[in-house]
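**Q** Could you look at this predicted model? Sequence included:
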Amino acid sequence: MKPTDFLPLTRRPSRYLGNEINACHKDWNEAGLRVALVFPDLYEIGMSHLGLHILYHIINEIPWALADRAYCPDVDLEKLLRSEKVPLWGLESRRPLSDFDILAITLPYELCYTNILTILDLAGIPIRAEKRNNPIWPIILGGGSCAVNPEPIADFFDAVLVGDGEEALPEIAGLVKNWRKTGGDKNEILTGLSRVDGVYVPGFYRPRYEKDGSFAALEPRRPEAGLIKRRTVSDLEKAPFPSRPLVPYTQIVHDRMGIEIARGCTHGCRFCQAGITYRPVRERSPQKVFSLLEQALAASGWEELSLLSLSTGDYGCLLPLLITLMDRYTPENVAVSLPSLRVGTLNPEIMKQIQRVRKTGFTLAPEAGSERLRRVINKGITEHDLIDTATQAYKLGWSNIKLYFMTGLPTETVADVLEIARLARKV
């Protein structure tokens, strides 16, 4: 069976079309390097991931490179692929994933790790890196937020990029292209990749564990295996961004145009990995944000845009940017939404600008119900701050506010958990 033959047999065939608005279809035979960007979850989740869109744009902008996408199929298609013995394919080219030179797999959260193994298995690719010494197999490259702790899945990857990918991925692509051209062995490309800043080659290190099973250290197996330093894009102003974003034919989780206005966070909440690993804080200028949105919205037709960062409320020019965007897009009925906000950064002036088109949702993140536990996790907000922010929103016409809480924090007691319900009722 061909990939298209499966479409009428699945619950949501729109997940597997590969011909979305602004999808890039390059000539397979003309490409000097073929990369499959893999998101190990369902299509509607992966299509909401801005990082994959950015890397898709970057690779396809390289004249000699081709980038396709693949997502973890739902169980209905998985059963069909196994029963018909058809390998998982890239959406655009409909070629088996095993035909690509690189499988660049996003590591967004730990609960998707089993999906990574499912994808490799469905593609007919050996799961463990040690079984892929033959250069016929794609280079399995990992990256994303969970790459800062790659050891739980290190056995399955040839290399893992720790940090920002905008500059590193083209560098990796060039190395793999030249390696394919010269016909070298697997050790040759792994050695080359190990010299790229931010790249961890698990096979070049030996993990050492304490007696209780906890991770202790990585010990080099060879001289060229040095200290891995996180790769960082220093100037977000110059970082690439897709001018023609992909637009799906089906509803996705974040069904809007997203743009990153800043990267990093200064607050240092103790539960937050990203707040530490994505330092330093880098911002795009309002002028750059506006310019990028002008191109992307014109090419996509989105009717809502979202200003993204770890702490959007701390963006230095948030109010002037909102005023500019609302003045420009209110006549076109394009709304603006903000991700979860730190309590205290949302003020009436910002709320008034957002409601000029329609009242998009507000999400506030107290994280813990009791003030004691918020101090433990270095979340320096008070109950008064939260109630004051919610009151302002209600006065301006909002009727729903979402609150983010966590359970299982260190030192948490039953009383702390009960405080979540009390605080939510009070809000």
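**A** Received it, and whenever you're ready, just let me know what you need. Residues are numbered from 1 along each chain as shown.
**Q** Return the per-residue confidence for Ile204.
**A** Rather than Ile, residue 204 is Phe. Reported pLDDT at Phe204 in the predicted model: 97.
**Q** Cys272 and Cys265 touch, don't they?
**A** Yes: counting by CB atoms under 8 Å, Cys272 touches Cys265, with 7.4 Å between them. C-beta coordinates here come from the backbone N, C-alpha and C atoms, glycine included.
**Q** Overlap of the contact sets of the two?
**A** Between them, Cys272 and Cys265 share these contacting residues under CB atoms under 8 Å, 6 or more residues apart in numbering: Leu310.
**Q** Which other helices and strands does the helix or strand hosting His384 contact?
**A** His384 belongs to helix 383-395 when assigned by DSSP states H and E. Applying 3 or more CB pairs under 8 Å, 6 or more residues apart in numbering; DSSP states H and E, we find helix 383-395 packed against helix 348-354, strand 362-367, helix 414-426.
**Q** Not counting it itself, show me its contacts.
**A** 343-344, 346-348, 351, 362, 364, 366, 371, 401, 423, 426-427.
**Q** mind checking which of the helices and strands packed on helix 383-395 is nearest Arg11?
**A** strand 362-367 (29.6 Å; CB to CB).
**Q** Return the set of buried residues in that closest one.
**A** Neighbour-count burial for strand 362-367 flags 362, 364-367 (criterion: 16 or more other CB atoms under 10 Å).
**Q** Same question for stretch 13-20.
**A** Buried residues in stretch 13-20, counted by 16+ other CB under 10 Å: 15-18, 20.
**Q** I'd say Trp302 and Arg256 touch.
**A** Yes: contact criterion CB under 8 Å: Trp302 and Arg256 qualify, at 5.8 Å.
**Q** give the contact list for Leu308.
**A** Leu308 neighbours (CB under 8 Å, 6+ apart): 50, 258-261, 339.
**Q** what's the helix or strand for the closest residue to His254 other than its chain neighbours?
**A** Nearest residue to His254 in three dimensions, chain neighbours excluded: Ser48, at 3.8 Å (CB to CB, 6 or more residues apart in numbering). If you go by DSSP H and E, Ser48 is not part of any helix or strand.
**Q** where's Ser48 relative to Met351, distance?
**A** 25 Å (CB to CB, to the nearest Å).
**Q** same question, Trp179
**A** Remark: distance between Trp179 and Met351 (CB to CB) = 54 Å.
**Q** Kindly report the same for Leu318.
**A** Distance from Leu318 to Met351, by CB to CB: 12 Å.
**Q** just Gln273 next, same as before
**A** Gln273 is 30 Å from Met351, by CB to CB.
**Q** and what of Ile127?
**A** 50 Å.
**Q** got it, and Arg230?
**A** Distance of Arg230 to Met351, given as CB to CB: 36 Å.
**Q** And these two? Which one has more around it.
**A** More neighbours surround Met351 than the other of Arg230 and Met351, with 20 against 15 (other CB atoms under 10 Å).
**Q** Quick one: residues contacting the nearest residue to the more buried one once chain neighbours are set aside.
**A** Nearest non-adjacent residue to Met351, counting by CB to CB, 6+ apart: Leu396, 5.0 Å away. Leu396 is in contact with 348, 351-352, 355, counting by CB under 8 Å, 6+ apart.
**Q** Also Gly313?
**A** 338, 341-342, 344-346, 350 are the contacts of Gly313 under CB under 8 Å, 6+ apart.
**Q** Repeat the analysis, applying 6 Å as the threshold.
**A** Gly313 makes contacts with 341-342, 345-346, as judged by CB atoms under 6 Å, 6 or more residues apart in numbering.
**Q** hey, where'd the helices end up in the protein?
**A** Taking DSSP state H, the helices of the chain run over residues 43-46, 50-61, 75-84, 113-122, 168-182, 186-194, 274-277, 286-300, 318-329, 348-354, 371-376, 383-395, 414-426.
**Q** Pull the residues that contact the last one.
**A** Helix 414-426 is contacted by residues 369-370, 373, 403, 405, 407 when judged by CB under 6 Å, 6+ apart.
**Q** Dump those to a markdown table, plus pLDDT and distance to Gln287.
**A** Shown next, in a markdown table, are the contacts of helix 414-426 (pLDDT from 0 to 100; distance: CB to CB, whole Å):
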| residue | pLDDT | distance to Gln287 |
| --- | --- | --- |
| Gly369 | 94 | 41 |
| Ser370 | 95 | 43 |
| Leu373 | 96 | 41 |
| Leu403 | 93 | 34 |
| Phe405 | 95 | 37 |
| Thr407 | 95 | 42 |
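**Q** Narrow the residues you listed to those in strands?
**A** Under the assignment DSSP state E, the contacts of helix 414-426 contribute 403, 405 to strands.
**Q** roughly how far apart are Pro410 and Asn378?
**A** To Asn378, Pro410 is 12 Å away according to CB to CB.
**Q** Would you mind telling me which of the two has the busier surroundings?
**A** Asn378 (13 against 9).
**Q** For that one, which non-adjacent residue is closest in space?
**A** Asn378 sits nearest to Arg270 (CB to CB, 6+ apart), 4.8 Å away.
**Q** I'd say that neighbour and Ile377 touch.
**A** Yes: look at Arg270 against Ile377 with CB atoms under 6 Å: they come within range, at 4.8 Å.
**Q** quick one, which of the two is more surrounded?
**A** The residue with more neighbours, out of Arg270 and Ile377, is Ile377; 18 against 12, by other CB under 10 Å.
**Q** who's in contact with the more buried one?
**A** 269-271, 409.
**Q** For it, give me the pLDDT.
**A** 95.
**Q** Return the distance of it relative to Leu341.
**A** 17 Å.
**Q** which regions of the protein sit below the pLDDT cut-off?
**A** Residues of the chain meeting the criterion pLDDT under 70: none.
**Q** tell me the domain ranges of it?
**A** The chain breaks down by automatic domain parsing into domains covering 3-220, 256-426.
**Q** For those, give me CSV that also has distance to Pro240.
**A** Shown next, in CSV, are these (distance: least, CB to CB, whole Å):
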stretch, distance to Pro240
domain 3-220, 5
domain 256-426, 10
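**Q** Among these, which comes closest to Ala239?
**A** domain 3-220 (5.2 Å).
**Q** ok, Pro126 - how many residues close by?
**A** Neighbour count of Pro126, defined by other CB under 10 Å: 17.
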